[in-house]
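Visitor: show me how the following folds:
(2 chains)
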Amino acid sequence: MHRSEYFIRRLTLAFLVVLGVTILTFVIARLVPSNPARLWLGPRATPEQIEITTTELGLDKPLYQQYLIYLKQVMRGDFGISLKSRQPIINDVRVFLPATLELVLFSMAIAALVGIPLGVISSIHRNHIIDHIIRFFAVFNASTPVFWLALILQLLLVERLHLFPLGGRVSQDVSLFIPIQSITGFYLIDAPLTGNWQAFKDALVHLILPGLVLASGSIGIAIRLTRATLIEVLEQKYITMAWAFGLNPRLIYYRLALKNAIVPTLIVLGLSFVWSITGALLVEVIFQWPGLGNYLTRAVLNFDFPVIVSVTLVVSIFYVIVNLILDLIQMLIDPRIAVE
Amino acid sequence: MWRVFRRDYLSLLALAIILLIAIACAFAPQLTRYPEQGEGLPNLGERLQAPSKAHILGTDELGRDLLARILYGGRASLSLGILVVLIAALIGTPLGMVAGYYGGWIGQLIMRLTDLFLSFPALLLAIAISAALGPSFTNAMIAIALTWWPQYTRLVRAQAVSVRESAFVEAARTIGVHSITIILRHILPNIISVVIIQATMDMGAAVLMGSALSFIGLGIQPPKADWGNMLTSARIYFSEAPWFAMYPGMVLLIVALCFNLLGDGLRDIVDPQSRRQG
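Guide: Below you'll find the predicted structure:
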């Protein structure tokens, strides 16, 4: 298959998946609840309001028309009104999404920086004590409930040792006196762009602890995958030949072997993105991080159903797009993928 | 050989710990001195007490014995984990066998549906479904199982495709055995071990996801406890009563860790390939 052909096929597939995602969220929003209009309006809705919404959402129309109405609304970015804030949900999402992404990307960077080298070490010392320790560390990380880890670290490092701020994205002083001008919504980018270095430092300090907690799970994934791939690569003939030629082990491991493990590393990043975005939903609650997770959890507490469904839709679409990008980068690095 | 034995030893230990915790939870009414507090009866005279002789792990925000709460909560958390995996396997396995054995448009349909479910982050989908159904233990279980079955379908389909090509299936087909009989008699026994291993490995993750859902208020409802919603209430009091957050999370960690170790061990025994690599 030609590259461009693969490109188009992958793009079409992603489009179909996004369409499928809207169908599934439509089913959850409109078909699963026994009275969708009531859920859409909250418990205090009057019968008149319910009637109006029923017509508005087209709940009295055939199913496929209901879906088309829903699709049209979603494409316009009209996700409905939050029952709690009475604001259009899209406005809230615009504010909260960058916060979540910043946290997720930061934690992925930590996970890659810690997890991949550990995976390399583990595969080099396969079945030795170092390997066992690292592997146990990986299983341990995958088994730790992330919201609990967040609580415990908060207790230890914040309450007892005062090493980090308790939560939030910036401290109150910064948001009052030297607020970060929003350009991209990412504080770590916006602050330097506006030359606001003091706020940058503050934002970074706030990011470290939630980022670390969130990274813990992805580190486990990164270790396991890197180790498994490298072991496979190290068994290939060109590596055996390199050994036979008496090449420097460091050259063999870090130059020859790791180069062929780049594509799997991208898969690691993709998987850890999944893990982090769901983990972030929980970690944000504990660190009062003003992101989608916090928004979603508050929505659950308030039975703010439109928000729950919308956040699910937005994050899932985002997730599809990230996977698409990673796949395309993979194809650029490793043309064999397009042939398969 | 020695290494294999040692790994088995580790998974045996993991199994023993899981069984110990499960039995302790099952016999919670007999084991604890405060069964009614485990069920949720408040005991306001002894709020947030540190661990002592009377309350080995301390008490919670309503004065209930934490050990009793953890044991009763474990009944919810563990049964949720087991039931989720069971339901997911019961939905996923038949679909995977059908998709793998018949292929064709029905196989395509099943696999595309699988892809669709897998294109959602699982926890998020579970949150949306259980919010639509309303918060309760049963609904949380249904919601998580609905996000979990596609993994089994994928796994089973891949296995079924390879078994379908083997000579004995070919032979059965030639002498005119009905395809449903082939699936049940010849395909199923050949894939069941893989499913069981996967189920064991998944149980820890299922318990974790159940508690995550419960942590944000979509699981079993108070006064009943599980390990997730105990942490929700513990969060508010965690600086004055750190034990309250400490112990439920620790049990959760131990259970998930043991299930993961056990699953790893089982895979090594059944699949020597992975043992050689690891």
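Visitor: going forward, measure contacts and count neighbours with C-alpha atoms only.
Guide: OK.
Visitor: do a quick rundown of the helices in the stretch 51-200 of chain B.
Guide: Using DSSP state H, counting those that start in this stretch, the helices of the stretch 51-200 of chain B run over B:66-102, B:104-118, B:122-133, B:137-164, B:167-174, B:179-182, B:188-215.
Visitor: tabulate those helices (CSV), appending mean pLDDT.
Guide: Below are the helices of the stretch 51-200 of chain B laid out as CSV (pLDDT from 0 to 100):
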stretch, mean pLDDT
helix B:66-102, 93
helix B:104-118, 90
helix B:122-133, 90
helix B:137-164, 92
helix B:167-174, 88
helix B:179-182, 87
helix B:188-215, 90
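Visitor: for the stretch 101-250 of chain B, which residues are neighbours of chain A?
Guide: For the stretch 101-250 of chain B, the residues in contact with chain A (C-alpha under 8 Å from any C-alpha of the partner chain) are B:116, B:119-125, B:127-129, B:131-133, B:204-205, B:208, B:212, B:216-218, B:231, B:235, B:238-239, B:242, B:245-246, B:249.
Visitor: pull out the buried residues from those residues.
Guide: With neighbours counted by 16 or more other C-alpha atoms under 10 Å in any protein chain shown, those contain buried members at B:116, B:119-125, B:127-129, B:131-133, B:204-205, B:208, B:212, B:216-218, B:231, B:235, B:238-239, B:242, B:245-246, B:249.
Visitor: what does chain A put close to chain B?
Guide: Near chain B, when you scan chain A using C-alpha under 8 Å from any C-alpha, you find A:17, A:20-21, A:28-29, A:32-33, A:126-127, A:139-140, A:142-145, A:147-148, A:151-152, A:155, A:159, A:228, A:231, A:274, A:277-278, A:282, A:297, A:300-301, A:303, A:305, A:308-309, A:312, A:316, A:319-320.
Visitor: show the buried residues in those residues.
Guide: If we count by 16+ other C-alpha under 10 Å, the residues of chain A next to chain B have these buried: A:17, A:20-21, A:28-29, A:32-33, A:126-127, A:139-140, A:142-145, A:147-148, A:151-152, A:155, A:159, A:228, A:231, A:274, A:277-278, A:282, A:297, A:300, A:303, A:305, A:308-309, A:312, A:316, A:319-320.
Visitor: among these, which are in helices?
Guide: Secondary-structure check on these using DSSP state H: residues within helices are A:17, A:20-21, A:139-140, A:142-143, A:147-148, A:151-152, A:228, A:231, A:274, A:277-278, A:282, A:297, A:300, A:305, A:308-309, A:312, A:316, A:319-320.
Visitor: quickly list the domain ranges of chain A.
Guide: The record's domain parsing of chain A by automatic domain parsing lists A:1-84+A:307-340, A:89-301.
Visitor: and those domains as TSV, adding mean pLDDT?
Guide: Formatted as TSV, the entries for the domains of chain A read as follows, by pLDDT from 0 to 100:
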stretch	mean pLDDT
domain A:1-84+A:307-340	82
domain A:89-301	85
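Visitor: deepest-packed of those domains, please.
Guide: domain A:89-301 (a mean of 19; mean count of other C-alpha atoms under 10 Å in any protein chain shown).
Visitor: any idea how far that one is from the chain center?
Guide: Here the centre of mass of C-alpha atoms in domain A:89-301, compared against the chain's by C-alpha atoms, centre = their mean, to the nearest Å, lies 10 Å away.
Visitor: endpoints of it, how far apart?
Guide: This stretch, domain A:89-301, spans 17 Å end to end (C-alpha to C-alpha, to the nearest Å).
Visitor: geometrically speaking, which residue is the centre of chain A?
Guide: Per C-alpha atoms, centre = their mean, the C-alpha nearest to the average position across chain A is that of residue A:277, at 2.7 Å.
Visitor: that one against residue A:106, yeah?
Guide: No - taking contact to mean C-alpha atoms under 8 Å, the distance of 11.6 Å between residue A:277 and residue A:106 leaves them out of contact.
Visitor: let me have the helices of the stretch 51-200 of chain B in CSV, extended by distance to residue A:102.
Guide: Putting those into CSV (distance: least, C-alpha to C-alpha, whole Å) gives the following:
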stretch, distance to residue A:102
helix B:66-102, 32
helix B:104-118, 24
helix B:122-133, 19
helix B:137-164, 27
helix B:167-174, 53
helix B:179-182, 52
helix B:188-215, 22
